[in-house]
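Participant: Quick one, what's the 3D model for this:
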Amino acid sequence: MFVSRSAVSRVMSASARSMSTKVAVLGAAGGIGQPLSMLLKLCSAVDELSCYDVRGSPGVAADLSHIPTKASVNGYLGASEGQEEELGKALTGASVVVIPAGVPRKPGMTRDDLFNINAGIVKTLVEGCAEHCPDALIAIISNPVNSTVPIAAEILKAKGVYNPKKLCGVTTLDVIRANTFVGSHLQKDPATIDVPVIGGHAGITILPLFSQVPGFTATDEELEALTVRTQFGGDEVVKAKAGAGSATLSMAYAGFIFAENVVKAMKGEECVQCAFVESSLTDARFFASPCKFGPNGVEEVLPFGELSAYEKGWFDKMMPDLKAQIQKGIEFAAK
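Facilitator: Numbers count the residues shown, from 1 in each chain. Predicted coordinates:
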């Protein structure tokens, strides 16, 4: 699979293969959550799928349950009039929690515009994870990831259950966009291309390292266009949908690829994929780079290699923004 930067080991122990895996999707009835849940229902590595949302999740679960795969599906609702809060039931026993919950981006909105609403949603859901599945790996899709991941870290610290190996921001969409755009540029199958994408998950904090793609050549103008398109691909989708939504299908696919690789790694397959995690590679507390995943989550944060002069220019430009967005999340959690 193209997200991995190294060969994935196919050797699994009998105990790893037999390990039952429950994946919880928080925000399962949303534009990302529904296709993400369907893809996870189709995944042979998932044994139980838990669908949680403030509305609509029992219907999503019932619909998915008719798909003939081994994963059992249950739907759980958030608290409302006459309805008990079911977040605890959704999370208990989960090995992986994927959080796409939140409001979508609309035309003219930046990821930062979503902050106040989505930050509160992530805070509540991560508090539930801390209480009901403290050992689960939490994969955050809810934007702005550069801020919501630091919020989650601070919440988990306050609850005494923070494990940096078990908290990730999902940046896989940046990788698959870069792979797709380079594939078109080189007239190659994008599934054969693997672009490492580092930094963060918003605008100029997204830095694709095209210099590390074997056989890649481009003029200065083409390189600039590919880089900017990768950074602002979300805007392209928002504009094309004309106010009707943001990147939901491609994000659901990216979230699925990330979660599937995490589950397979938990069962013994070594996997390398990019993720936004606590890192000492730079002076930013969190940073996206290739990470080796295993049974314990992020087993190793890998170096991102040498940058070209062009990439170094973008790196220097993005770091102040990335650190400011991280700090914004930390300050929100401290309130």
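Participant: Which elements pack onto whichever helix in the chain runs longest?
Facilitator: For the chain, the longest helix by residue count, based on DSSP state H, is helix 309-334. Judged by 3 or more Cβ pairs under 8 Å, 6 or more residues apart in numbering; DSSP states H and E, helix 309-334 is in contact with helix 115-132, helix 145-158, strand 197-199, strand 206-208, helix 220-231. Heads up, the C-betas are built off the backbone N, CA and C, glycines and all.
Participant: nearest to Ala252, of those?
Facilitator: Across the helices and strands packed on helix 309-334, Ala252 has its closest neighbour in helix 145-158 (15.4 Å, Cβ to Cβ).
Participant: buried stuff in that closest one?
Facilitator: Val145, Asn146, Ser147, Thr148, Val149, Pro150, Ile151, Ala152, Ala153, Glu154, Ile155, Leu156 (16 or more other Cβ atoms under 10 Å).
Participant: And the next helix or strand past it?
Facilitator: Next along the chain after helix 145-158, taking DSSP states H and E as the criterion, comes strand 167-169.
Participant: Need the mean per-residue confidence for that next one.
Facilitator: Mean pLDDT, strand 167-169: 98.
Participant: swap in stretch 255-271?
Facilitator: Mean predicted confidence for stretch 255-271 is 96.
Participant: Buried ones in it, by neighbour count?
Facilitator: Using 16+ other Cβ under 10 Å as the test for burial, stretch 255-271 gives 255-271.
Participant: Can you tell me which of these end up in helices?
Facilitator: Using DSSP H, the buried residues of stretch 255-271 in helices are Gly255, Phe256, Ile257, Phe258, Ala259, Glu260, Asn261, Val262, Val263, Lys264, Ala265, Met266.
Participant: How about the fifth one: what's its closest non-neighbour residue?
Facilitator: The reference is to Ala259. Among residues not flanking Ala259 along the chain, Val98 sits closest, at 5.3 Å (Cβ to Cβ, 6 or more residues apart in numbering).
Participant: how far away is the closest residue to Phe293 other than its chain neighbours from Lys157?
Facilitator: Computed as Cβ to Cβ, 6+ apart, the closest residue to Phe293 that is not its neighbour in sequence is Ala265, at 3.8 Å. Here the criterion is Cβ to Cβ, to the nearest Å. By it, Ala265 lies 24 Å from Lys157.
Participant: cool, Gly183 as well?
Facilitator: To Lys157, Gly183 is 41 Å away according to Cβ to Cβ.
Participant: for Ala333, same thing?
Facilitator: 9 Å.
Participant: before we move on, what about Met38?
Facilitator: Distance, Met38 to Lys157, using Cβ to Cβ: 34 Å.
Participant: go on, Lys165?
Facilitator: Noted for Lys165: a distance of 14 Å to Lys157, by Cβ to Cβ.
Participant: Point to the helix or strand of the protein where mean pLDDT is at its lowest.
Facilitator: Every helix and strand of the chain was ranked by mean pLDDT, DSSP states H and E. The lowest is helix 14-18, at a mean of 47.
Participant: right, and Glu86 touches Asn74 too?
Facilitator: No: under the criterion of Cβ atoms under 8 Å, Glu86 is not in contact with Asn74, lying 9.5 Å apart.
Participant: did I read that right, the residue nearest to Ala259 in a strand?
Facilitator: Yes: according to DSSP: H, G, I helix; E, B strand; the rest coil, Val98 belongs to a strand.
Participant: Quick check: which helices or strands does the helix or strand harbouring Leu39 pack against?
Facilitator: Using DSSP H and E, Leu39 falls within helix 33-42. If you count contacts as 3+ Cβ pairs under 8 Å, 6+ apart, helix 33-42 packs onto strand 22-26, strand 48-53, helix 57-64, helix 249-266.
Participant: and the angle from the second one to helix 57-64?
Facilitator: I take that to be strand 48-53. When axes from the mean of the first three to the mean of the last three Cα atoms, to 10 degrees is applied, the directions of strand 48-53 and helix 57-64 differ by 140 degrees.
Participant: Distance from the chain centre to strand 48-53, please.
Facilitator: Offset of strand 48-53 from its chain centre (Cα atoms, centre = their mean, to the nearest Å): 17 Å.
Participant: C-alpha coordinates for it, PDB please?
Facilitator: Extracted in PDB, the C-alpha atoms of strand 48-53 (Å, rounded to 0.1, in the frame of the first residue of the first chain):
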ATOM      1  CA  GLU A  48     -16.000  -5.300  15.600                       C
ATOM      2  CA  LEU A  49     -17.000  -1.900  14.300                       C
ATOM      3  CA  SER A  50     -18.500   0.600  16.700                       C
ATOM      4  CA  CYS A  51     -20.400   3.600  15.100                       C
ATOM      5  CA  TYR A  52     -21.000   6.600  17.400                       C
ATOM      6  CA  ASP A  53     -22.600  10.000  16.600                       C
END
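Participant: to the chain's geometric centre, what's the distance from stretch 143-159?
Facilitator: Stretch 143-159 sits 14 Å away from the centroid of its parent chain (Cα atoms, centre = their mean).
Participant: do stretch 282-295 as well
Facilitator: The chain centroid and the centroid of stretch 282-295 are separated by 13 Å under Cα atoms, centre = their mean.
Participant: Average pLDDT for it, rounded please.
Facilitator: 98.
Participant: Cool, thanks, talk later.
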